[in-house]
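Student: Please find the sequence and the predicted model below.
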Protein chains: 2
Amino acid sequence: MKAAKQKRLEAKGWKVGSAADFLELSEEEAAYIELKLKLASSLKEVRTRRHLTQKEFAKRIDSSQSRVAKMETGDRSVSLDLLIKSLLALGVTNKDIGKVITNNNQAA
Amino acid sequence: MKAAKQKRLEAKGWKVGSAADFLELSEEEAAYIELKLKLASSLKEVRTRRHLTQKEFAKRIDSSQSRVAKMETGDRSVSLDLLIKSLLALGVTNKDIGKVITNNNQAA
DNA sequence: TGCGAATATGTCAATTCTGACATAGACTTA
DNA sequence: TAAGTCTATGTCAGAATTGACATATTCGCA
């Protein structure tokens, strides 16, 4: 596991104190976190591309600015369900979501 | 929306009484349900390919047979989170999950 | 620098999800 | 038919997620 990847995983709620701590993550946990972060950054990218503030977007999906912020940072308290429903609300298709998950990099 | 697709959506908790009822689903809701059903059938396929019963698989992921059954039928009460974590537990990679979501058909 | 807009963080009550249990149904085999 | 195995369905207490609010931090710009 590379340092670059570790850095990407240091999102809110997933911060790690050391490489040793980090390595305690199972393959499965790491994959889950990676997936969440991919969707999170994708959401942020699509939202900004639409020229929407978090507040504006929150209103559109009947949520709050703070929750949108948590979504985009991949906070522990947000589910994949919420992330995916939010992407769908922005008009992103299942196909595109699949691509986001499949790609090793990121972006929608 | 084709009849074949409607039939696929008639999973537990999402049954529809008529085409009219069905059409009340927004694009967004339909996409969400489709996505869930893709993951659900994929899970069932991978599990059976591994020659595991629902009970055996449930034990492996610290869950119960009944919840696994609900996962595989795309029950309302199961989240995408649980479906995806379950797939990861079976060794399915993020890349494969992305493919499942992207494909118009199904299977992992 | 300072100000306002945007984003991030912490908390919590209400809603939703989860594992577990009971039980029903489907299927096979004796 | 009966019994055994597997899967499906209904229910519920406990756990996790959610929107909302307060507040902090960051960012852009005059």
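Tutor: Yes, it's here.
Student: Indicate the residue of chain A located nearest to DNA strand C.
Tutor: For chain A, the residue closest to DNA strand C is A:Ser66, as judged by Cβ to the nearest atom of the strand, at 2.9 Å. Quick note: C-beta positions are derived from backbone N, CA and C, even for glycine.
Student: How far away from the center of its chain is the helix or strand harbouring that residue?
Tutor: In the assignment (DSSP states H and E), A:Ser66 maps to helix A:65-73. Centre-to-centre, helix A:65-73 and its host chain are 10 Å apart (Cα atoms, centre = their mean, to the nearest Å).
Student: does chain B sit close to it?
Tutor: No. Using Cβ under 8 Å from any Cβ of the partner chain, helix A:65-73 stays clear of chain B, coming no nearer than 13.7 Å.
Student: Look up how far A:Gln54 lies from the residue of chain A closest to DNA strand C.
Tutor: Plainly put, A:Ser66 is 8 Å away from A:Gln54 if you go by Cβ to Cβ, to the nearest Å.
Student: The two: which is more packed in?
Tutor: A:Gln54 (19 against 12; other Cβ atoms under 10 Å in any protein chain shown).
Student: Would you mind confirming that A:Glu72 is in contact with A:Ser42?
Tutor: No. When contacts are counted by Cβ atoms under 8 Å, A:Glu72 is not listed as touching A:Ser42 (9.5 Å).
Student: Please identify every residue contacting each of the two.
Tutor: Both A:Glu72 and A:Ser42 lack any common contact, where contact means Cβ atoms under 8 Å, 6 or more residues apart in numbering or on different chains.
Student: residues contacting the residue nearest to A:Arg60 when sequence neighbours are not counted?
Tutor: Nearest non-adjacent residue to A:Arg60, counting by Cβ to Cβ, 6 or more residues apart in numbering or on different chains: A:Ala89, 6.7 Å away. Counting by Cβ under 8 Å, 6+ apart, A:Ala89 touches A:Arg60, A:Ile61, B:Glu28.
Student: The first one: neighbour count?
Tutor: Using other Cβ under 10 Å as the criterion, A:Arg60 is surrounded by 15 other residues.
Student: which outside residues touch the helix holding A:Ser66?
Tutor: Residues from elsewhere that reach helix A:65-73 (Cβ under 8 Å, 6+ apart): A:11-12, A:40-41, A:43-44, A:47, A:54-55, A:57-58, A:77-78, A:82-83, A:86.
Student: cutoff 10 Å now
Tutor: A:11-14, A:36-37, A:39-45, A:47-48, A:52-61, A:63-64, A:75-79, A:82-83, A:86-87 (Cβ atoms under 10 Å, 6 or more residues apart in numbering or on different chains).
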